[in-house]
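Engineer: okay, predicted coordinates and the sequence, questions at the end:
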Amino acid sequence: MIKFILNRLVMAIPTIVIVSVAVFTLIRLIPGDPAALMLGDMAEPQQIAEMRSVLGLDRSIPEQFVIWAGNILSGDFGRSIVTDEPVLHLVLSRFMVSAEIVVIAVLLASLIAVPAGVIAAWRQNSLTDLALVGTATVLLSIPTFWLGLLLLLAFGLKLGWLPVLGYVPISENWKAGLLYLVLPVMTLVIHEMGVIIRMARASTLEVLRLDYITHARAKGLSESAVLWKHAFKNAFGPTWTMIGLILGNLLGGIAVIETVFTIPGLGRLMVDSIFQRDYPVIQGCLLLVAFSYVVVNLVVDLLYPLFDPRVVAE
Amino acid sequence: MRKFTFNGVIGGGLIAALVITALIGVFWTPYDPSALGFTSRLAAPGAAHWLGTDEFGRDVASRLMIGARASVWIGCLTVAFAVVCGTLIGLISGYARGWVDGVIMAVNNALLAFPGILLALGLLAVFGANQYGIIFALGIAYTPSMARVVRGAVLSLREREFIEASRIMGNSEIYTMLRHILPNCLAPITVLATSMFGWAILSESALSFLGLGVPPPAPTWGNMLAAGRPFIEQAVWLGFFPGLCIALTLLGINLLGDALRDKLDPRMRGLK
């Protein structure tokens, strides 16, 4: 078990290193001189040269990378060109907003969709199965930004039940905070349910045709015992991995939902920074999301043996 | 088998409708999509304008047809880019093995650690927000998954007897790779490419919705949806129809993808 954990931890290191190199390279590829950008149009060439030296841009690329990586490791992500705020603080505070929405949505979607997928597999080719799979396929085909707009129109503007735009942190006012979360969370839940139902169904189907399930049935176990005690445990692994991937993907792709509901989250920050060419912030967002994606997948991998102890033996 | 037909027919029908609409849009649209009409601003769907007009009096149906063209074009080029690059990288990686494979796959897996749309956002900052910027950004973002799938297929194929036979017959490695290995990778490539076409159309509209896609006044479904957002209460059709087009296209691709997977992926056969 310890070997398994160490193995997974060590495997994450090269990924994190290459991710950092990729982000570093990407930011250097953005056209325009950051020093000139920071100083504005009126800057003298002399000032730009000085700024370049302050930023370390006059050094060789490998040198720049070592200094940059050192800064990142000590938590210095630089300052925003636009607001002069420390990037790490800015990015982390926005990240918490996005993470709250994404985590609640994925949790709710899994709670509904996993049992639905298992039931669809259990009743394969029945009317229930067809209805569930059909619904799932339709749900996953609906773009979240469109669904969000329609829900906003229905529940916010027409019915007036829910606040339409903005965000209140739950820590400040939990009642209002929850109300503001309903629409964005509902949008994501509806969409992700489609993905999870199909995955849970497919992996359950694969398990249900194995001999040990026939054996369990032959022993005279009830269908619910066969399904939840025997099939579900083995079938949940791939779905669990998928849920991790969805979590990571949503952190990267939540910008559209944040745009629809005007939520000050990480995705919106990144898009705004691209418009403003605020490259330290773009870099901070890219690094944070990529790292959290790696960490989420690592945690998913490390918890996997709880559902399927066979992976440790392998 | 009946289900395959159903999925295939509905999915194929939706995609055929999309492609035909896009093609017709090249030659004919009900109105000039960029003609302004100040007397017919925000007209509701009716006999004159089937799907209504926007805030500048432009015909929504005509703009959707032009938008379909943009979506199909961007989707096709993105997939072509990812398929060509990903297949090449996957073939080399899987066939060479050893340290070449190790290095390529380490970089590949690290790129997969970026959610696709995030990588595309970062790349768009480099390429700039325009049609070809999107194609490159999305193409590069999708290449790693294609490379991984092709490499997996190559690794399992290269140990098979018919590959060994080709080598023993004196065929060069490159000939063996192109003549015998590549054709056998086509099934997984096709399945993934179909899904990718959907991802590309969705991502393009998402990026256009964020203002990072094809810049207006050129209509795409994404930027039409974004432009319709402020009018959602008074002119719901402005946001509704572009979104419906995206949703129907994605539904078509998902159904077609399911049908193809059932047909081409041998692992799925036992499940039907």
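Structural biologist: Received it, and whenever you're ready, just let me know what you need.

Engineer: which strand or helix spans the residue of chain A positioned farthest from its centre?
Structural biologist: Distance from the C-alpha centroid of chain A, by Cα atoms, centre = their mean, peaks at A:Gln46 (43.5 Å). For A:Gln46, the host element (DSSP states H and E) is helix A:45-55.

Engineer: for the following helix or strand past that helix, which helices and strands make contact with it?
Structural biologist: Heading C-terminal from helix A:45-55, the first helix or strand you meet, by DSSP H and E, is helix A:61-73. Helix A:61-73 sits against helix A:2-29, with contacts defined as 3 or more Cβ pairs under 8 Å, 6 or more residues apart in numbering or on different chains; DSSP states H and E. C-beta here means a position set from N, CA and C on the backbone, and glycine is covered the same way.

Engineer: quick one: contacts for the residue in the stretch 151-300 of chain A that chain B sits nearest to?
Structural biologist: Among the residues of the stretch 151-300 of chain A, A:Gly252 lies closest to chain B, at 2.9 Å counting by Cβ to the nearest Cβ. The contact partners of A:Gly252, taken as Cβ atoms under 8 Å, 6 or more residues apart in numbering or on different chains, are A:Gly267, A:Val289, A:Tyr293, B:Phe114, B:Pro115, B:Gly116, B:Ile117, B:Leu118, B:Leu121.

Engineer: likewise for A:Val207?
Structural biologist: With Cβ under 8 Å, 6+ apart, A:Val207 has these contacts: A:Ile213, A:Ala231, A:Asn234, A:Ala235.

Engineer: which of the residues you listed ranks first by neighbour count?
Structural biologist: Highest neighbour count within those, by other Cβ atoms under 10 Å in any protein chain shown: A:Ala235, with 28 neighbours.

Engineer: tell me the contacts of that residue?
Structural biologist: A:Val118, A:Ala121, A:Ala200, A:Ser203, A:Thr204, A:Glu206, A:Val207, A:Leu208.

Engineer: sort out which of the residues you listed are in helices and list them.
Structural biologist: Counted as lying in helices by DSSP state H, out of these, are A:Val118, A:Ala121, A:Ala200, A:Ser203, A:Thr204, A:Glu206, A:Val207, A:Leu208.

Engineer: between those residues, which has the most around it?
Structural biologist: A:Ala200 (29 neighbours).

Engineer: so what pLDDT did that residue get?
Structural biologist: Per-residue pLDDT puts A:Ala200 at 91.

Engineer: OK, contacts around it?
Structural biologist: A:Ala113, A:Val114, A:Ala116, A:Gly117, A:Val118, A:Ala120, A:Ala121, A:Ala235, A:Phe236, A:Thr239.

Engineer: return the member of the residues you listed nearest to B:Ala259.
Structural biologist: A:Ala120 (18.2 Å; Cβ to Cβ).

Engineer: which residues sit in contact with that closest one?
Structural biologist: So A:Ala120 contacts A:Thr128, A:Asp129, A:Leu132, A:Val133, A:Ile197, A:Ala200, A:Arg201 (Cβ under 8 Å, 6+ apart).

Engineer: those residues: which two are farthest apart?
Structural biologist: For the contacts of A:Ala120, the farthest-apart pair by Cβ to Cβ is A:Thr128 and A:Ala200; their separation is 14.2 Å.

Engineer: which of the contacts of A:Val207 sit farthest apart?
Structural biologist: The distance between the two most remote of those (Cβ to Cβ) is 10.1 Å, for A:Ile213 and A:Ala235.

Engineer: is chain A contacted by the lengthiest helix in chain B?
Structural biologist: Scanning chain B for the helix with the most residues, using DSSP H, yields helix B:60-96. No. Contact of helix B:60-96 with chain A (Cβ under 8 Å from any Cβ of the partner chain) is absent, the minimum separation being 12.0 Å.

Engineer: who are the packing partners of that helix?
Structural biologist: helix B:2-27, helix B:98-112, helix B:131-157, helix B:182-209, helix B:221-228, helix B:237-264.

Engineer: what about the residue nearest to B:Ile24 when sequence neighbours are not counted, distance to B:Ala226?
Structural biologist: In space, and not counting its chain neighbours, B:Ile24 is closest to B:Met65: 6.7 Å by Cβ to Cβ, 6 or more residues apart in numbering or on different chains. Separation of B:Met65 from B:Ala226 (Cβ to Cβ, to the nearest Å) stands at 19 Å.

Engineer: which one of the two is surrounded by more residues?
Structural biologist: Legend: neighbour count by other Cβ under 10 Å for B:Met65 and B:Ala226, higher for B:Ala226 (25 against 22).

Engineer: just list the residues touching that one, thanks.
Structural biologist: Counting by Cβ under 8 Å, 6+ apart, B:Ala226 touches B:Ser208, B:Phe209, B:Leu210, B:Gly211.

Engineer: got a winner among those residues for most neighbours?
Structural biologist: Neighbour-wise, those (other Cβ under 10 Å) top out at B:Ser208, 31 neighbours.

Engineer: residues contacting the nearest residue to B:Ala44 once chain neighbours are set aside?
Structural biologist: The spatially closest residue to B:Ala44, leaving aside those adjacent along the chain, is B:Gly52, at 5.4 Å (Cβ to Cβ, 6+ apart). Contacts here follow Cβ under 8 Å, 6+ apart; on that basis B:Gly52 touches B:Leu42, B:Ala43, B:Ala44, B:Pro45, B:Gly46, B:Val60, B:Ala235, B:Trp237, B:Leu238, B:Phe241.

Engineer: do B:Arg151 as well
Structural biologist: With the criterion set at Cβ under 8 Å, 6+ apart, B:Arg151 makes contact with B:Ile89, B:Gly90, B:Leu91, B:Ser93, B:Gly94, B:Asp101, B:Met105.

Engineer: any idea how far it is from chain A?
Structural biologist: From B:Arg151 over to chain A the distance is 17 Å, taken as Cβ to the nearest Cβ, to the nearest Å.

Engineer: neighbours of the nearest residue to B:Arg148 once chain neighbours are set aside, how many?
Structural biologist: The shortest distance from B:Arg148 to any non-neighbouring residue, by Cβ to Cβ, 6+ apart, is to B:Asn108 (6.2 Å). B:Asn108 is surrounded by 23 other residues when neighbours are defined as other Cβ under 10 Å.

Engineer: confirm for me that B:Asn108 is in contact with B:Ala147.
Structural biologist: Yes. Here B:Asn108 reaches B:Ala147: they are 5.4 Å apart, a contact under Cβ atoms under 8 Å.

Engineer: check contacts around the closest residue to chain A within the stretch 151-272 of chain B.
Structural biologist: Among the residues of the stretch 151-272 of chain B, B:Gly243 lies closest to chain A, at 3.1 Å counting by Cβ to the nearest Cβ. Contact partners of B:Gly243, counting by Cβ under 8 Å, 6+ apart, are A:Pro143, A:Phe145, A:Trp146, A:Leu149, A:Leu150, B:Trp221, B:Leu225.

Engineer: now the host helix or strand of A:Val182 against helix B:237-264, angle please.
Structural biologist: Assigned by DSSP H and E, A:Val182 belongs to helix A:174-208. Put simply, helix A:174-208 runs at 20 degrees to helix B:237-264, going by axes from the mean of the first three to the mean of the last three Cα atoms, to 10 degrees.

Engineer: show me what secondary structure element comes after helix A:174-208.
Structural biologist: helix A:211-218.

Engineer: what helices and strands are in contact with that next one?
Structural biologist: On the basis of 3+ Cβ pairs under 8 Å, 6+ apart, helix A:211-218 makes packing contacts with no helix or strand.
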